[in-house]
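Novice: any chance you could fold what I've pasted below:
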Amino acid sequence: MKIKQKYNGSLKNSLLIHKKRSFIYKVYYSLIGYPIIYAHKKILKYLSIGLVGTFVDFCVLFVLTDFLGLFYLFSVMISYTTGLSINFYLNKKYTFKHTASFLRSVQTFFSYYLVSLSSLVIILVFMSFFVELLNLHYLMAYVIICFLMVFYRYKGHSICFNKFK
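Specialist: Down below sits the predicted model:
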């Protein structure tokens, strides 16, 4: 519930007048008071949402590979797509606040997945290299690759959401 305030003849929604009271918002409001965090809040939101998607991604990868016995590259494709779908929805709603028409949303969706598909190809190549040639465990290789790919995906996804506003 937002309180509208009359200010110089215009109505404005003000978070200074009415803040949300849940624990998450209290943490958010206290952190946003620091200028360095406020200046980089979009990428921090992207990274926070990315952690949620990555957690789901890793859980699905682990279950598919260790419990169901699927080949790790096939498991990566399924788990990556699952985490990516969650990230798309959350980034659309919270990070980039994308409220375009249905057609623009469909265009954003396909361009988002095009960036993600190129990222998936790079991930699969590096996974093969790290696991087969360097003999790393598939989860350790995936952690390293996810850290390497985060800025590539951020730049690509921010272009997608800004292009189709």
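Novice: report the contact partners of the residue positioned nearest the centre of the chain.
Specialist: Most central in the chain under CA atoms, centre = their mean is residue 50, positioned 3.6 Å from the mean C-alpha point. Contact analysis of residue 50 by CB atoms under 8 Å, 6 or more residues apart in numbering lists 87, 150, 153. Just so you know, the C-beta spots here come from the backbone N, C-alpha and C atoms, and that holds for glycine as well.
Novice: select from those the one having the most neighbours.
Specialist: Compared across the contacts of residue 50, residue 87 has the highest neighbour count, 24 neighbours, by other CB atoms under 10 Å.
Novice: quick check: mean pLDDT across stretch 61-81?
Specialist: In this model, stretch 61-81 has an average pLDDT of 94.
Novice: just how off-centre is that stretch within its chain?
Specialist: 20 Å (CA atoms, centre = their mean, to the nearest Å).
Novice: may I see the buried residues of that stretch?
Specialist: Applying a neighbour-count criterion of 16 or more other CB atoms under 10 Å, one finds 61, 64, 65, 70, 72, 75, 76, 77, 79, 80 buried in stretch 61-81.
Novice: the second one and residue 116, how far apart?
Specialist: For residue 64, the distance to residue 116 under the criterion CB to CB, to the nearest Å works out to 19 Å.
Novice: span of stretch 63-74 from start to end?
Specialist: End-to-end distance of stretch 63-74 (CA to CA, to the nearest Å): 12 Å.
Novice: which residues does it contact?
Specialist: 61, 75, 78, 79, 124, 127, 128, 131, 138.
Novice: host element of the nearest residue to residue 163 once chain neighbours are set aside?
Specialist: Leaving aside its chain neighbours, residue 163 sits nearest to residue 111 (6.8 Å; criterion: CB to CB, 6 or more residues apart in numbering). In this assignment (DSSP states H and E), residue 111 forms part of helix 102-128.
Novice: any idea how far that helix is from the middle of the chain?
Specialist: 12 Å.
Novice: mind giving me the packing neighbours of that helix?
Specialist: Helix 102-128 makes packing contacts with helix 72-90, helix 138-163 when contacts are defined by 3 or more CB pairs under 8 Å, 6 or more residues apart in numbering; DSSP states H and E.
Novice: so what touches stretch 78-89?
Specialist: Contacting residues not belonging to stretch 78-89 are listed as 49-50, 52-54, 56-61, 64, 70, 109, 112-113, 116, 120, 123 [CB under 8 Å, 6+ apart].
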